[in-house]
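> Please work out how this folds:
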Amino acid sequence: MNIKDLSNKTFDFTIKRVAEIIGIFLVCIAVLFFLSLVSYSPEDPNFIFTENTEIKNILGFKGSYISDLFFQSIGLIAFLISCLSFFGMVMTIGVN
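Numbers count the residues shown, from 1 in each chain. Just a heads-up that it's a prediction; the model follows:
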């Protein structure tokens, strides 16, 4: 058995699996980001007003904070960013 060939195949396999795990992690983050954008409510506490009100965002305070930050800075394009990151990562995982 050729040790060099075996080590190259093992290294390639490991690199591909690590890339897939990172891709799955990023797809999950994109889905969570989309959920925080969909459940956005202007009455939720954000980084400017931190009142003791009921949080309506699915992801709680962190989701409210992130969705407000993105909506205030780039507006509805935030939906496009979440969708593109999701489909980009799915395509990247599918290529391996």
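> Flag every buried residue along stretch 69-88.
Residues of stretch 69-88 classed as buried: 70-71, 78-79, 82, 85-86 (neighbour count, 16 or more other CB atoms under 10 Å). For glycine as for every other residue, the C-beta is placed from the backbone atoms N, C-alpha and C.
> Endpoints of that stretch, how far apart?
When the termini of stretch 69-88 are compared using CA to CA, to the nearest Å, they are 23 Å apart.
> on that earlier part again, what is the nearest of the buried residues of stretch 69-88 to N52?
F71 (22.0 Å; CB to CB).
> what's in contact with the helix or strand encompassing that closest one?
Taking DSSP states H and E as the criterion, F71 maps to helix 60-74. Residues from elsewhere that reach helix 60-74 (CB atoms under 8 Å, 6 or more residues apart in numbering): 32-33, 35-37, 39-41, 44-47, 55-57, 59, 78, 81.
> what distance separates the longest helix seen in the chain from the centre of its chain?
In the chain, with assignment by DSSP state H, the single longest helix is helix 3-38. For helix 3-38, the separation from the chain centroid amounts to 13 Å (computed by CA atoms, centre = their mean, to the nearest Å).
> Counting by contacts, list what that helix packs against.
Contact partners of helix 3-38 among helices and strands, from 3 or more CB pairs under 8 Å, 6 or more residues apart in numbering; DSSP states H and E: helix 60-74, helix 77-95.
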